[in-house]
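J.: what shape does this take:
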Amino acid sequence: MEKVVIYQIFTRLFGNRNLTRKQHGTLEENGSGKMNDFTPKVLKDIAAMGVSHVWYTGIIRHATQTDYSKYGIPRQHPAIVKGRAGSPYAITDYYDVDPDLAVNVTQRMQEFEDLVKRTHEAGLKVIIDFVPNHVARQYQSICKPEGIIDLGEDDNPEHGFDPQNNFYYCPGERFSPYFDLYSGEKEPYLEEPAKATGNDHFDSSPSQTDWYETVKLNYGVDYYAGRIGYFTPIPGTWYKMTQILLFWASKGVDAFRCDMAEMVPAEFWRFATKIVREEFPDIKFIGEVYNPYEYRRYLLNGFDYLYDKVGMYDTMRSVICHHAPTSAISYAWQQTDDIRDHMLYFLENHDEQRVASDFFAADGKKGVPAMIASVLMQQNPFMLYAGEEYGERGMDREGFSGNDGRTTIFDYWSIDTLCRAAQKKLTKDEQQLFDIHKKTLLIARKEKAVTEGVFFDLMYVNQHLQRQYVFLRKAGKDLLIVAVNFDDQDVDIDVHIPAHAFDYLKMKDADVTATDLLTKEKQSMMLRADGSVRMQISGRGGRVWKLKVA
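T.: Residues are numbered from 1 along each chain as shown. Okay, here's the model as predicted:
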């Protein structure tokens, strides 16, 4: 088995070394990273960190305030674009590549295909976004293959809902949100009849807190009549969106991270994933699903992995910030124990605040015990967001994004830690943070006790530990004792190992020498059923003891 480790990269930002960082800066002022920044050397270094999959976020062409009309790309009205660069989740052409990412705009698809090839040659797999719930308000494909009918092209806009329409409409109403529709232009943005907005806002007047830059796609669900589904005959949107998946799979994409997957009916996913897998049997689907009551339904309908956000992520955040005891981690994994191999753990992504931000823990090191535990406690995948491994703070005031503890997805910018890492100018603390991330990920990828071993949670017999979390992993004769410390201070703890663990893991009493895989430090241990093992753990650190047992 393989431990899946996903490295999320916001492609526009990753390779950008422009340090201007002007608030609300243009492409010319602040620059943009390119697909060609991912040289064989860069990709080799990413793979050497223990990564198996790279999620290139923001590949497909989306709404932007940058004018690419000289390349035949339709210009977007700035009133309905969030930020200078625009959101990668407001797609303007599902069959095109974001021109910001290309060195030669006219060759942007070829540059993407070359990126896929280089990524595969580095031993990595490629993930891109599939955004099924909504598109940009001015969606228009100029790159669709011959024979493809564009979204909305054959709609009847006189019908608010029609199972064969691709969009929802407000007949007789003009798009009239509660904000300026000029944004410095001579003419206002005009949309009549208005289309429903992406976050299930079904009237013509979304607010600035809505996803006003997007329009909702219609999968045959009548929201006006209480979410009644009309799936026979198959809605046209189903076919069109499945064609998009097939198109990108044919480019060598190995997996799709499916944005807001639960806002699209599960029946569509069963239909689409079956068709795609018939042609590309190894393709994977990762779903952004936040409702735990829907997890199993979406897994049954085609998903391989789902975000574990409201369970494990929220729990780890609370434990990191000392708002919950470490026993809460046990409760979190128990809620999804029957589907544990399908839950994607993470501490950061483009939607969440950086661990090191003032809005979270204010120090990247404070996330280390949560990272070690999240990576090693199960066989399920783990996701790392580029910059997290250096303690990127996300405290810039970039423009539209504002100072919110997140790395912007709307603005042209460059990421401080990634720039300094490329120049080998990291601080000592940042380098140490990177080193422990790399060591942990490599342990997860190489140790059989992690990739195929059994997990045994020790917290139920170590209730005296309020800020430490301890568990075992075992495969064959290899045993890992993992202990992490969420306290800011160094601690000496006694870890009780019950007789039940010896029975369950088929172990015998033994005197052994254990090696900490993180530090190479050795320690003699007397393993006894219902005995204890004493160890020291540094503040916000961890131990991964490896030993051989009979």
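J.: next, the contact list for the closest residue to Pro88 other than its chain neighbours, please.
T.: Spatial nearest neighbour of Pro88, excluding adjacent residues (CB to CB, 6 or more residues apart in numbering): Gly58 at 3.4 Å. All C-beta spots, glycine's among them, are computed from the backbone N, C-alpha and C. Counting by CB atoms under 8 Å, 6 or more residues apart in numbering, Gly58 touches 10-12, 88, 98, 101, 129, 409.
J.: before we move on, what about Trp545?
T.: So Trp545 contacts 480-483, 514-517, 523, 525, 535 (CB under 8 Å, 6+ apart).
J.: then Thr66?
T.: Thr66 makes contact with 26-27, 84-85, 99-100, according to CB under 8 Å, 6+ apart.
J.: ok, and the most crowded of these?
T.: Neighbour tally across the contacts of Thr66 (other CB atoms under 10 Å): the maximum, 31 neighbours, falls on Ala85.
J.: for the protein, just list every one of the helices.
T.: For the chain, the helices defined by DSSP state H occupy 11-14, 27-30, 40-48, 108-121, 236-249, 266-279, 295-300, 314-320, 327-334, 368-376, 416-422, 428-446, 448-451, 499-504.
J.: in CSV: those helices, plus mean pLDDT.
T.: Output for those, formatted as CSV (pLDDT from 0 to 100):
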stretch, mean pLDDT
helix 11-14, 98
helix 27-30, 98
helix 40-48, 98
helix 108-121, 98
helix 236-249, 98
helix 266-279, 98
helix 295-300, 98
helix 314-320, 98
helix 327-334, 98
helix 368-376, 98
helix 416-422, 98
helix 428-446, 98
helix 448-451, 98
helix 499-504, 98
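J.: as a markdown table, these with distance to Asn218 would be great.
T.: Listed next are these as a markdown table, based on distance: least, CB to CB, whole Å:
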| stretch | distance to Asn218 |
| --- | --- |
| helix 11-14 | 29 |
| helix 27-30 | 34 |
| helix 40-48 | 39 |
| helix 108-121 | 28 |
| helix 236-249 | 6 |
| helix 266-279 | 11 |
| helix 295-300 | 20 |
| helix 314-320 | 32 |
| helix 327-334 | 36 |
| helix 368-376 | 37 |
| helix 416-422 | 39 |
| helix 428-446 | 41 |
| helix 448-451 | 42 |
| helix 499-504 | 51 |
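J.: what is the burial count for the residue nearest to Lys448 when sequence neighbours are not counted?
T.: Leaving aside its sequence neighbours, Lys448 sits nearest to Ala475 (CB to CB, 6+ apart; 4.2 Å). Applying other CB under 10 Å, we find 16 residues neighbouring Ala475.
J.: give the bridge partners for Ala475, please.
T.: Asp478 (DSSP bridges).
J.: how about it, what does it touch?
T.: Counting by CB under 8 Å, 6+ apart, Ala475 has contacts 448-449, 451-454.
J.: repeat that for 10 Å
T.: By CB atoms under 10 Å, 6 or more residues apart in numbering, the contact list for Ala475 reads 447-454, 505.
J.: do Gln23 as well
T.: Remark: with contacts taken as CB under 10 Å, 6+ apart, Gln23 is in contact with 30, 396-402, 411, 413.
J.: about what we covered before: from the contacts of Ala475, which is closest to Glu348?
T.: Nearest to Glu348, judged by CB to CB, of these is Val450 at 21.1 Å.
J.: how near is the closest residue in space to that closest one that isn't next to it in sequence to Gly476?
T.: Distances taken as CB to CB, 6+ apart place Ala444 nearest to Val450, at 4.9 Å, with adjacent residues excluded. Applying CB to CB, to the nearest Å, the value for Ala444 to Gly476 is 17 Å.
J.: and the nearest residue to Val4 once chain neighbours are set aside, what is it in contact with?
T.: Take Val4 and drop its neighbours on the chain: the residue closest to it by CB to CB, 6+ apart is Pro381, 3.6 Å away. Residues near Pro381 by CB under 10 Å, 6+ apart: 2-6, 52-53, 284, 286, 304-305, 308, 341-346, 375, 444.
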